[in-house]
Every structure is written in C-alpha cells, then in structure tokens.
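>>> I would like to see how this sequence folds:
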Amino acid sequence: MALILPVLNKHPQLGNNCFVAPTATIIGEVFTGDNCSFWFNTVVRGDVNYIKIGNKVNIQDGAVIHCTFEKHATTIGNNVSIGHNAIVHGCTIEDDVLIGMGAIVMDRCIIHSNSIIAAGSVVTEGTIVETGTIYAGVPAKKLKDITKELVHGEINRIANNYIQYASWFNDYNDAPQNK
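Numbering: from 1, shown residues only. Coordinates of the predicted model:
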C-alpha cells in the first residue's frame, strides 16, 4: 500500500480521481488537483516546504519531487508529465510541460508553459525556460522553439495517456484497504 504520511501535522491533500501506486510515497504539505497519478517508487516530499500540483499531472516511476527548507517550494501546473527517474526540486513548472526521463530541474528554475525538458537534461539553479521551447543538455540550454503540433502531439498525448493508464488500476483504487 502507498505510504501517505503527515509531517508536523501537515497532511497530503489529494484531489479527485488520483491514482497512487502501492509503492509511491507522498509526505507532508502536498496539495494536488484532480486526475493526477503517482507511479511506482515515486517520492513526493512536502516535509521541508510545500508542493502544489495542478490537475492532470503524472509523476512517473522513480521520480522525486522535493523542495528546499524555508526557501523554495515546488509548484507544478496543469497537464504536466514528469518522466521516469526525473528530479524536480524547489522550482516552478507551469502548465503543459513535459519533463523528460532522468531530467533534473533545480531550485529557483521556472519552466514556462508549452515547453519540453529533454531526457537526461540538467536545468541548473535559477534557469528560466522560455515558453514554447525545448531545452536539452548538461547544463540544459535552449535547443529550439517547438510547434503547436509538438505541444499537442507530445505534451498532451503523454498526459492523456497517463489518465488512461491510471484507469487500468481502478480495481486497485476501489479496494477497501485503499479507501
């Protein structure tokens, strides 16, 4: 069963129709919108600061979402996909963003809407990612502007797919031990 724990009397608050895999961990001051999914071995730690997550966000297997004590909370907008084994730490991710597998987004970064962080990239502290761009590399730099077709073809497709994948686990979510 998933580990959902309060810290200092601050309890995670999940929206409607959220899937939390049995090995996911959600701790402390975490607020989510509706239709979110937290996949196997994800860790969302709102123990040292708050984490706000919008609607239709998927946090894929092995990803870690955290923040910095008394300095930097983490805010994630709507329709966001956080790829497998990514790290998102003390930053702001706006709506309609894809964070690729194994990417790292550090403190004080702002990832503006309709953007993609390529797999394996490291977005160093304080980087501002422009709207409608792909950033890639170590450290991550602007690779190119992206088209509306790519936004809808990849960002929306992946977010929608994860809503579907989560629905496959409805029997698990409805089990008595998970209510």
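>>> could you use CA atoms for every contact and neighbour count after this?
OK.
>>> quick one: the helices in this protein?
Applying DSSP state H to the chain gives helices spanning 148-150, 157-167, 170-173.
>>> now do residue 131 against residue 2, distance only.
If you measure residue 131 against residue 2 using Cα to Cα, to the nearest Å, the figure is 35 Å.
>>> nope, residue 124 is what I meant
Distance from residue 124 to residue 2, by Cα to Cα: 31 Å.
>>> could you do residue 90 as well?
24 Å.
>>> first-to-last residue distance for stretch 127-146?
Using Cα to Cα, the two ends of stretch 127-146 sit 18 Å apart.
>>> before we move on, what about stretch 92-104?
13 Å.
>>> who touches it?
With contact meaning Cα atoms under 8 Å, 6 or more residues apart in numbering, stretch 92-104 is reached by 74-89, 108-123, 151, 155-156.
>>> just the buried members of those residues?
Neighbour counting with 16 or more other Cα atoms under 10 Å marks 74-89, 108-123, 151, 155-156 as buried within the contacts of stretch 92-104.
>>> filter these down to the ones in strands?
Among the buried ones among the contacts of stretch 92-104, the subset assigned to strands under DSSP state E consists of 74-76, 80-82, 87-89, 110-111, 115-117, 122-123.
>>> so in the chain, where's the weakest helix or strand by average pLDDT?
helix 170-173 (a mean of 68; mean pLDDT, DSSP states H and E).
>>> where does pLDDT dip in the chain?
For the chain, residues meeting the criterion pLDDT under 70 lie at 172-179.
>>> let's see 80
The chain contains residues with pLDDT under 80 at 150-152, 171-179.
>>> so for residue 9, which of the helices of the chain sits nearest?
Residue 9 lies closest, by Cα to Cα, to one member of the helices of the chain: helix 170-173, at 25.0 Å.
>>> residue 120 and residue 159, how far apart?
Counting by Cα to Cα - residue 120 and residue 159 are separated by 19 Å.
>>> before we move on, what about residue 139?
For residue 139 relative to residue 159 (Cα to Cα), the value is 26 Å.
>>> so which of the two has more stuff around it?
Legend: neighbour count by other Cα atoms under 10 Å for residue 139 and residue 159, higher for residue 159 (23 against 13).
>>> list the contacts of the more buried one.
Each residue near residue 159 by Cα under 8 Å, 6+ apart is listed here: 56-58, 79-81.
>>> can I assume residue 88 is in contact with residue 64?
Yes - assessed by Cα atoms under 8 Å, residue 88 is found in contact with residue 64 at 6.3 Å.
>>> might one say that residue 65 is in contact with residue 47?
No - under the criterion of Cα under 8 Å, residue 65 is not in contact with residue 47, lying 11.0 Å apart.
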